[in-house]
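A.B. asks: Mind looking at a prediction? Sequence and model below.
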Amino acid sequence: MRIAMLAGALVLATAAAQAADPVLMSAEWAAAACDAWNADPVLTKDLVTSGWVKNDKGRGYKVMRVYREDCGRSATAELRVALVDGEARCTFGGAVKPDALDSGADYLMHATTKRWIEMGAGDYGPMKAMMLGRLSFSGPYGEAMGNMGPFTNFLRLVGKVPSDSQTCPQ
């Protein structure tokens, strides 16, 4: 009896902990992904060296929007990245803002939940994901190809940021 009660408590505690994680690709998840971005030296430094962060079309930031295809067909989360104190810093992570993307500077990326999780786990990188149709994106293609290392680290944020992938963002 005592073992059954302990097992039940453990199940409830595990469920409560999982429920506390933000939904993958939600505004809350994007805020946590923004923090994880800023803790990653490849993203904060290499995207300055390559010139990526400076291609902001004079706005002072780049936008990256993401979504899970099995949860709908429009972006549910957004990160904004700007040059701050010599680093490519995420300055906003949250719900998608209403302004339009600039295809010469900004990115829209989408995949199924399963594929996002695989990329986040490091099962494969962006080149394989795009070539096999597992990740779709729009934005400056040549710029993305020139930044495969940082692009890989961006995709791995999905695996670094705790999330609930069983429900869809609202």
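C.D. replies: Everything's here; your move.

A.B. asks: can you give me the helices for the chain?
C.D. replies: Applying DSSP state H to the chain gives helices spanning 2-20, 27-38, 41, 47-49, 113-120, 126-131, 141-145, 148-160.

A.B. asks: Enumerate the positions of stretch 146-154 that are buried.
C.D. replies: Going by neighbour count (16 or more other C-beta atoms under 10 Å), the buried part of stretch 146-154 is 147, 150-154. The C-beta positions use only the backbone N, C-alpha and C, and glycine is treated the same way.

A.B. asks: how far does it sit from the chain's center?
C.D. replies: When C-alpha coordinates are averaged (C-alpha atoms, centre = their mean, to the nearest Å), stretch 146-154 and its chain have centres 12 Å apart.

A.B. asks: and if you look at stretch 69-89?
C.D. replies: In this view, stretch 69-89 has its centroid 7 Å away from the chain centroid, taken as C-alpha atoms, centre = their mean.

A.B. asks: So for it, first residue to last residue, what's the gap.
C.D. replies: Taking C-alpha to C-alpha, to the nearest Å, the first and last residues of stretch 69-89 lie 27 Å apart.

A.B. asks: Now do it, average pLDDT.
C.D. replies: Per-residue pLDDT over stretch 69-89 has a mean of 98.

A.B. asks: same check, this time on stretch 44-64
C.D. replies: 97.

A.B. asks: Give the full set of residues in contact with Glu69.
C.D. replies: Taking C-beta atoms under 8 Å, 6 or more residues apart in numbering as the criterion, Glu69 is in contact with 110-112.

A.B. asks: okay, the residues you listed in TSV with neighbour count next?
C.D. replies: Formatted as TSV, those follow (neighbours: other C-beta atoms under 10 Å):
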residue	neighbour count
His110	22
Ala111	24
Thr112	14
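
A.B. asks: any chance of the residues you listed in TSV, plus pLDDT and distance to Gly104?
C.D. replies: Compiled in TSV, the contacts of Glu69 are given as follows (pLDDT from 0 to 100; distance: C-beta to C-beta, whole Å):
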residue	pLDDT	distance to Gly104
His110	98	19
Ala111	98	23
Thr112	98	27
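
A.B. asks: Closest one of these to Glu143?
C.D. replies: Nearest to Glu143 among the contacts of Glu69, counting by C-beta to C-beta, is His110 at 18.4 Å.

A.B. asks: Tell me the spacing between the closest one and Thr91.
C.D. replies: Shown here: His110 relative to Thr91, a distance of 23 Å by C-beta to C-beta, to the nearest Å.

A.B. asks: No further questions, thank you.
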